[in-house]
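J.: Got a predicted structure here, sequence first:
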Amino acid sequence: MVCTGHGWASRRSKQNHRGRFMEVMSRSVVCLPLLAVFFAGGSVGCAAPGSSDSAVPVSAMISDAAESDHHLLLAELALQDGAYGTAVREYVLAARFSDDPERASQATRIAYQHGFLRQALVAATYWRELRPEEKAARLSVAQLHLQLGNRKKTTREYNAIIDSEEQERGQLFLELTGIFMDSDGPWLASKVMEDLARPYPELAQAHYAVAALAMNASRFQLALAEAEIAVEQDSEWLAVATMLARAQIASGRIEQGLRYADDLVLDSRDDGVRLDYAFMLMSVGRDDDARLELMLLLEETGSAGALRALGFLEMDGGRFGDAAARFSRLLGTGEYTHDAFFYLGLIAERMEDYSRAMRAYARVNVGFSAIAAQARLAHLMNRLGDGEKALRHLVEFGAQNPGFRVDMMVARAELLGEMGQYPEALDLYREVLELRPADEGTGYSMAFMMESSGDLKSSIKLLRSFLRKRRTDPLALNALGYTLVANTDRLKEASRYINEAVRLAPANAAIIDSKGWLHFRTGEFELALEYLREAYSLDNDPEIAAHLGEVLWEMGEQTAAQKLWFQALAVNPDSDALTDTMDKFGQ
């Protein structure tokens, strides 16, 4: 099974979000652009020493106010017409024909909002040249280099900023962790944070930052080592202690991690730690224990987070009525509103109440759930026979919500693939990767679309290119290994990749599933059954259910296979992996 992400907040697929990329800076000692509010139009302030490396010196620029105003007018007209590429180009030109840093700041924000990262970097670099003391400009340049996949330049820019923050360096590492967690390239973000933290071995926050980004990139051994150091340096810090428990579980030390987390709950009685512990239990398939913890937390505190997590548990168990009751109650709390509408839509879709599902999805237009909700809404439009309307909806949603424009391009590519229009889908993926060259998830999606289109050679070639860049990435190893197992007879080569992925991420259900399927392909049915059962106990994913059922069937346990498939299908009626496998065996 291919897995392209690992999340501890839930067992559901992790979306790539840039929600904190350009937030407005406060006028505090640490002045950090948690960059979304800034790019939504916030003002900026705060100054710090800096330097410029712009390719075009200020002395070479023509400060022509009339020319700048002309380009600004053209930019605003183009923006109103939805000609975003033209608008961004004109905003950047308006900035370059002016010596006003506010115009450069505006061009940076508009270019980023609409997904034109390279143009945003041009504007941000000029902004920094005009106002080298402004930290907002310096941090914007650094973060845009990260988004564009420029590791050396990102490290250089951030190092300069960290060096200048001696008094508040620990807090800066924590805030950078929040920004880096939203990166489209978790592996690159992890490597950069490792570079940034290396000069500060005495700083617990630096070790925590490395551990957090390593967890996000599935570099679990590194996460474990760094979390252990951070706990040694600050044994009273609950966040890093919780991180250590997560890293222990992800590294395969499941019982040790759960015991450690249980001790944290008993010692701290902290509500956040209790909720984290419940999610850890869910991540290893101990749903009954998780439910008990969540019910106690809900009863004692009324925690909306506990209510939401209970909804997830009911969903996973196929108890849609109970799940709907949880999420409906969640709406009444005023917290996680968009999550609640999204999952109510998903429940209605599972119950084949498509009108209700579409109404619920349409309510989700901001926040982390918006991308998935709009993609599901378009999927239902297509399923109900109006593919053109579905594609048009995604375009229009992106136009009305420019922060989601590129995400809607990805959703359109997925929908085009669903419609069998593979060349158009692949062209869209290429366009997205031109805009977001560090977007690892879209790269994997493109590879798998190539496989679906019948171009296995190109798919494998692309996956090999990812592995060359990230040789110790268990997700890259697994993606290539599983693709070889599922589609070729190169099982010896595939086993090298999958075995290394298992070593690096021994508690990852998708990787364990790949290991089981490898044993099935080599005729080792008992070993296959062992690994697939373990994978399914960690995550009741429909593809794992399809694999486990097929092994059971081939071992003569047809009744058990049928029961498993139909149970999984009730929860995942749209799963091609399940339906294809069941069709294969006449079910």
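T.: Looks like it came in fine. Residues are numbered from 1 along each chain as shown.
J.: Quick check: which ranges of the stretch 51-200 of the chain have low pLDDT?
T.: 51-63 (pLDDT under 70).
J.: Swap in 80 and give it another go.
T.: Along the stretch 51-200 of the chain, segments meeting pLDDT under 80 span 51-64, 166-167.
J.: where exactly do the helices run in it?
T.: Using DSSP state H, counting those that start in this stretch, the helices of the stretch 51-200 of the chain run over 65-80, 84-96, 101-113, 117-130, 135-147, 151-163, 169-180, 186-197.
J.: relative to helix 151-163, how tilted is whichever helix or strand comes after the last one?
T.: What that stands for is helix 186-197. Per DSSP states H and E, the first helix or strand lying C-terminal to helix 186-197 is helix 204-216. Between the axes of helix 204-216 and helix 151-163, defined by axes from the mean of the first three to the mean of the last three Cα atoms, to 10 degrees, the angle is 150 degrees.
J.: Grab the CA positions of helix 204-216 and hand them over as CSV.
T.: These are the backbone C-alpha positions of helix 204-216, laid out as CSV (Å, rounded to 0.1, in the frame of the first residue of the first chain):
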residue,chain,number,x,y,z
ALA,A,204,15.8,22.3,24.1
GLN,A,205,13.5,24.2,21.7
ALA,A,206,15.9,23.5,18.9
HIS,A,207,15.8,19.7,19.6
TYR,A,208,12.1,19.8,19.9
ALA,A,209,11.8,21.6,16.5
VAL,A,210,13.9,19.0,14.9
ALA,A,211,11.9,16.2,16.5
ALA,A,212,8.6,17.7,15.4
LEU,A,213,9.6,18.2,11.8
ALA,A,214,11.2,14.7,11.7
MET,A,215,7.9,13.2,12.9
ASN,A,216,6.1,15.1,10.2
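J.: wait, what's in contact with A209?
T.: 173-174, 176-177, 180, 193, 196-197 (Cβ atoms under 8 Å, 6 or more residues apart in numbering). From N, CA and C alone the C-beta is placed, and that goes for glycine too.
J.: hmm, try it at 6 Å
T.: Listed by Cβ atoms under 6 Å, 6 or more residues apart in numbering, the contact set of A209 reads 173, 177, 193, 197.
J.: the helices in the stretch 451-587 of the chain, which residues?
T.: Listed in chain order, the helices found in the stretch 451-587 of the chain under DSSP H, counting those that start in this stretch are 456-469, 474-487, 491-504, 509-521, 525-538, 542-554, 558-571, 576-584.
J.: For A390, find the nearest of those helices.
T.: Closest approach to A390 among these (Cβ to Cβ): helix 576-584, 17.9 Å.
J.: of all the contacts of A209, which comes closest to G318?
T.: Looking across the contacts of A209 and measuring by Cβ to Cβ, the closest to G318 is T177, at 36.3 Å.
J.: Q171 versus that closest one, what's the distance?
T.: Distance of T177 to Q171, computed by Cβ to Cβ, to the nearest Å: 11 Å.
J.: So which of these two has more stuff around it?
T.: Set T177 next to Q171 and count neighbours by other Cβ atoms under 10 Å: T177 wins out with 20 against 15.
J.: Just confirm that one contacts V210, I think it does.
T.: No - the criterion here is Cβ atoms under 6 Å, and T177 misses it with V210 at 9.1 Å.
J.: would you say A261 is within a strand?
T.: No - read with DSSP: H, G, I helix; E, B strand; the rest coil, A261 is helix and lies in no strand.
J.: dump the residue contacts of it.
T.: For A261, the contact set (Cβ under 6 Å, 6+ apart) comprises 245, 277, 280.
J.: In a markdown table, list these along with secondary structure, pLDDT and neighbour count.
T.: Below are the contacts of A261 laid out as a markdown table (DSSP: H, G, I helix; E, B strand; the rest coil; pLDDT from 0 to 100; neighbours: other Cβ atoms under 10 Å):
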| residue | secondary structure | pLDDT | neighbour count |
| --- | --- | --- | --- |
| A245 | helix | 98 | 26 |
| Y277 | helix | 98 | 24 |
| M280 | helix | 97 | 26 |
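J.: which of these lies closest to A546?
T.: Using Cβ to Cβ, these come closest to A546 at M280, 26.9 Å.
J.: ok, now how distant is the closest residue to the closest one other than its chain neighbours from L275?
T.: The shortest distance from M280 to any non-neighbouring residue, by Cβ to Cβ, 6 or more residues apart in numbering, is to A261 (5.5 Å). A261 sits 11 Å away from L275, going by Cβ to Cβ.
J.: Rounded mean pLDDT for stretch 220-237, please.
T.: Averaged across stretch 220-237, the pLDDT comes to 96.
J.: quick one: buried residues of it?
T.: Buried residues in stretch 220-237, counted by 16 or more other Cβ atoms under 10 Å: 220-231, 233-234.
J.: quick one: it to chain centroid distance?
T.: Offset of stretch 220-237 from its chain centre (Cα atoms, centre = their mean, to the nearest Å): 24 Å.
J.: Give the full set of residues in contact with F180.
T.: Going by Cβ under 6 Å, 6+ apart, F180 touches 189, 193, 213.
J.: again, but for Y361
T.: 345, 373, 376-377.
J.: neighbour-wise, which of these leads?
T.: Within these, neighbour counts (other Cβ under 10 Å) peak at G345, which reaches 28 neighbours.
J.: okay, which residue of this structure is out on the far edge from center?
T.: Relative to the centre of the chain, the most outlying C-alpha is that of A66, 43.6 Å out, by Cα atoms, centre = their mean.
J.: how close does that residue sit to D455?
T.: 53 Å.
J.: swap in F397?
T.: Applying Cβ to Cβ, the value for F397 to D455 is 30 Å.
J.: and the two? which has more neighbours close in?
T.: Taking neighbours as other Cβ under 10 Å, F397 and D455 compare with F397 leading, 23 against 16.
J.: Show the contacting residues for the more buried one.
T.: Going by Cβ under 6 Å, 6+ apart, F397 touches 374, 408.
J.: Can you give the distance from the strand or helix carrying it to the centre of its chain?
T.: Taking DSSP H and E as the criterion, F397 maps to helix 387-400. Here helix 387-400 is found 23 Å from its chain centre; the criterion is Cα atoms, centre = their mean.
J.: go on, stretch 418-438?
T.: Counting by Cα atoms, centre = their mean, stretch 418-438 comes out at 18 Å from the chain centroid.
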